[in-house]
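In: Generate coordinates for the sequence data below:
(4 chains)
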Protein chains: 2
Amino acid sequence: MPQDRQAVTIYEVAGRAGVSIATVSRALRGSNLVASATRQRVQAIAEELRFRPNRLGRSLAEGQHAANGIVFPDLSGPYYAEVVLGYEEVAAELGRSVLILATHGRPEPAAKVLDLAGRVDGMAILGRTVDDAVVARIADSGLPLVLLARPPVSTVDTITTDNDGSGQELMRHLLDHGYRRFAYVGSPDESPDVAGRYAAFRHCLEVVGIEPPPAVESAFNVSDGSAAARRLLTGRRRPEVLVCANDEIALGALEAAEAAGLAVPAEIAITGWDDVMAARYAGLTTVRQPMRVLGATAATWLQERITGSRVPVRREVLRTQLVIRSSCGFHEPVEVEE
Amino acid sequence: MPQDRQAVTIYEVAGRAGVSIATVSRALRGSNLVASATRQRVQAIAEELRFRPNRLGRSLAEGQHAANGIVFPDLSGPYYAEVVLGYEEVAAELGRSVLILATHGRPEPAAKVLDLAGRVDGMAILGRTVDDAVVARIADSGLPLVLLARPPVSTVDTITTDNDGSGQELMRHLLDHGYRRFAYVGSPDESPDVAGRYAAFRHCLEVVGIEPPPAVESAFNVSDGSAAARRLLTGRRRPEVLVCANDEIALGALEAAEAAGLAVPAEIAITGWDDVMAARYAGLTTVRQPMRVLGATAATWLQERITGSRVPVRREVLRTQLVIRSSCGFHEPVEVEE
DNA sequence: CTGAAAGCGCTAACAG
DNA sequence: CTGTTAGCGCTTTCAG
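Out: Got it, this is the predicted structure:
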């Protein structure tokens, strides 16, 4: 039968060892203000009793959670999972636990994020999960924060990927293919990344004197992407290229093209963003982003703020890489793969 | 300039409201032992001061973390991410935070898991992350636990997916294709799932009088799978089928086949497990598993144990689904897709 | 080197 | 209805 939770406290160890709780505390955490004989005795007894200091007691006394938080919209695509992984990896190395919070489609994201804020020493906020007001409020409370793939708020550290640069690179490539009729699939209002990519899309078209079309709304998933693409492909004056806001949408578009009997890229070119694993097998031209690094950098920066380093506000834009495969048009037989 | 962390405590609110801290506590958490006028005054002041009860103080007093943990090997494939997502979703609904811990290739997984155990009211342990001894120790401490995709330990609740059933179904299908020379790629010792799948593989071959070959070791990633497959494909007496322990390995095998100039499935058939997104685009025959449900069920079960329901030890085996695509051989023109 | 004691911030009896 | 008070378990001065 299981013993009671937290059966053994520092008091019991102290009692058995015939010392005070202060001595137990010191002995167990490597203070040098303990006689080595005492330390050994205490350690032996603690071991025997399987004593593990209660985290809450410890944290309350130390005023530290020894934990970090991360907020993201979702975890279903590989995109956010990679960020979380990079974040957790660094945090764990630094001896901090990580609490996660997915806001996607849940009620009261603000309340949940505020709650999380009370459980950690620092927090990363990814994408369009909470309003600027909430971010500002948390930042004002003094909690170290870092924003990821999201517009900056006041003086909060922010890391983004280079949507503008990669968008322009992608568009230049497509324009070089000779395309002139473009469509953009994705919802700029739903995600800062999508907005940034769409801005680059518009900009590049305007520069060459093409009137940019409005974005065609689509959520970040295959079926939505497919539905959006279907409308585009069956409309009159079909575009030559579908620039999709992420790979899942693009994968859906590929599906729609196939269903419509259109050859890719001969009759319709399609591009994505993120370079998920499936993109490779689908021959999808896309943009690779350093997601892992994004998360890892966030954890590193947070640590500095948590430990009180006096660092100025930081902004960083991570470099991306255009991955050209077959879906955007015909190329010399040069397959660009890792 | 940011204020100090946790500037405002219950004492300040009490002071400002001219009441005791007990009253503040009651007013704010909806006790009915407060005059409504008092409650309103307290609420107003708490609001004005942006008072948020310190989690640590609260948890220490209540003896509850209001948090759950989940331990997994990795998060890079979609497999574990889905489990975590299902888990987090249910936990969040129940008002509990979730702490994650990835053990993959880190030193001292036991210590990390034990640490995590001290921060939560219940924990899910996924796959081959910690020894039975550690699991037993935590279970004995009375912490509610649930094991996922892992062999049971003493009386701990356990949920697995049906590796045996799906393995047999897959093998029957392959045998029906007429194949007789099989190879298995994956490391049974590294993962209970791989072991279960390999057992089914062996069993089915033995039943039809074929001597099962030893498993060809490979980690869960494309490049390892590719390397393992290469050895098999270039050896003498090449197998007709590569049964791979998961999709990433299978995707690597597909790559190796292409590199070796072998047509799939005409010259070599290949199958996977998990049905990751890329599997669909690669035309990979595989086994789909209810990962999300796995995580969600774990969170639900834990909640019952945490709230003290007297439930007997539970074991559940989740059903899986064989997804037949083109990589395992030629079929009637029936594409089985969602 | 060691112990006593004062918190950390909150909840929950227990008395009014 | 409200206040007092005793913890929750640990860390850390402050005295010896």
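
In: where does chain A have low pLDDT?
Out: Applying pLDDT under 70 to chain A flags the ranges A:1-6, A:332-338.

In: which residues in it form strands?
Out: Per DSSP state E, chain A carries strands over the ranges A:67-72, A:97-102, A:122-126, A:145-148, A:157-161, A:182-185, A:241-244, A:269-271, A:286-288, A:315-318, A:321-323.

In: Quick one: closest of these to DNA strand C.
Out: For the strands of chain A, distance to DNA strand C was read as CB to the nearest atom of the strand. The smallest value, 16.1 Å, belongs to strand A:67-72. Using the backbone N, CA and C atoms, a C-beta is placed for each residue, glycine as well.

In: ok so, going back, between the strands of chain A, which gets nearest to residue A:297?
Out: Across those, residue A:297 has its closest neighbour in strand A:157-161 (5.7 Å, CB to CB).

In: Could you name the helices and strands sitting against the closest one?
Out: With contacts defined as 3 or more CB pairs under 8 Å, 6 or more residues apart in numbering or on different chains; DSSP states H and E, the packing partners of strand A:157-161 are strand A:145-148, helix A:192-207, helix A:291-306, strand A:315-318.

In: do the first one and chain B meet?
Out: No. Legend: contact between strand A:145-148 and chain B by CB under 8 Å from any CB of the partner chain is lacking; minimum distance shown is 10.0 Å.

In: helices and strands around that strand, which ones?
Out: Using 3+ CB pairs under 8 Å, 6+ apart: strand A:145-148 touches strand A:122-126, helix A:132-140, strand A:157-161, helix A:291-306.

In: Make CSV out of the strands of chain A and add mean neighbour count and distance to residue B:301.
Out: Shown next, in CSV, are the strands of chain A (neighbours: other CB atoms under 10 Å in any protein chain shown; distance: least, CB to CB, whole Å):
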stretch, mean neighbour count, distance to residue B:301
strand A:67-72, 26, 25
strand A:97-102, 25, 20
strand A:122-126, 28, 29
strand A:145-148, 26, 33
strand A:157-161, 23, 38
strand A:182-185, 25, 41
strand A:241-244, 29, 40
strand A:269-271, 27, 43
strand A:286-288, 24, 39
strand A:315-318, 14, 40
strand A:321-323, 18, 42
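
In: what about residue A:154, how many neighbours?
Out: 10 (other CB atoms under 10 Å in any protein chain shown).

In: wait, doesn't it sit right on residue A:137?
Out: No. Counting by CB atoms under 8 Å, residue A:154 stays clear of residue A:137, with 10.7 Å between them.

In: coming back round to it: which of the helices and strands packed on strand A:157-161 sits closest to residue B:312?
Out: Closest of these to residue B:312 is helix A:291-306, at 40.8 Å (criterion: CB to CB).

In: what residues are up against residue A:117?
Out: A:69, A:123, A:138, A:141, A:143 (CB atoms under 8 Å, 6 or more residues apart in numbering or on different chains).

In: in the sheet, who's paired with the first one?
Out: When you say that, I think you mean residue A:69. Beta-bridge pairing of residue A:69 under DSSP bridges involves residue A:99, residue A:123.

In: Test my guess that it contacts residue A:124.
Out: Yes. Using CB under 8 Å, residue A:69 is in contact with residue A:124, at 7.1 Å.

In: if you compare the helices and strands packed on strand A:145-148, which one is most tucked away?
Out: strand A:122-126 (a mean of 28; mean count of other CB atoms under 10 Å in any protein chain shown).

In: So which elements touch it?
Out: strand A:67-72, helix A:78-93, helix A:109-117, strand A:145-148, helix A:291-306.

In: Could you dump those into a markdown table with distance to DNA strand D added?
Out: Shown next, in a markdown table, are the helices and strands packed on strand A:122-126 (distance: least, CB to the nearest atom of the strand, whole Å):
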| stretch | distance to DNA strand D |
| --- | --- |
| strand A:67-72 | 15 |
| helix A:78-93 | 20 |
| helix A:109-117 | 19 |
| strand A:145-148 | 25 |
| helix A:291-306 | 15 |
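
In: Let me have the ones you listed in CSV, adding distance to residue A:285 as columns.
Out: As requested, these are exported to CSV (distance: least, CB to CB, whole Å):
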stretch, distance to residue A:285
strand A:67-72, 26
helix A:78-93, 17
helix A:109-117, 34
strand A:145-148, 25
helix A:291-306, 19
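
In: Quick one: closest of the ones you listed to residue A:270.
Out: The nearest among the helices and strands packed on strand A:122-126, by CB to CB, is helix A:78-93 at 18.5 Å.

In: Return the alpha-carbon coordinates of that closest one using PDB.
Out: C-alpha atoms of helix A:78-93 as PDB (Å, rounded to 0.1, in the frame of the first residue of the first chain):
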ATOM      1  CA  PRO A  78       6.000  20.000 -36.100                       C
ATOM      2  CA  TYR A  79       6.700  23.700 -36.100                       C
ATOM      3  CA  TYR A  80       5.900  24.400 -32.400                       C
ATOM      4  CA  ALA A  81       7.000  21.100 -31.200                       C
ATOM      5  CA  GLU A  82      10.500  21.800 -32.400                       C
ATOM      6  CA  VAL A  83      10.500  25.200 -30.600                       C
ATOM      7  CA  VAL A  84       9.300  23.600 -27.400                       C
ATOM      8  CA  LEU A  85      12.000  20.900 -27.800                       C
ATOM      9  CA  GLY A  86      14.800  23.500 -28.100                       C
ATOM     10  CA  TYR A  87      13.400  25.400 -25.200                       C
ATOM     11  CA  GLU A  88      13.000  22.400 -22.900                       C
ATOM     12  CA  GLU A  89      16.500  21.200 -23.800                       C
ATOM     13  CA  VAL A  90      18.200  24.400 -22.700                       C
ATOM     14  CA  ALA A  91      16.000  24.900 -19.700                       C
ATOM     15  CA  ALA A  92      16.600  21.300 -18.500                       C
ATOM     16  CA  GLU A  93      20.400  21.900 -18.800                       C
END
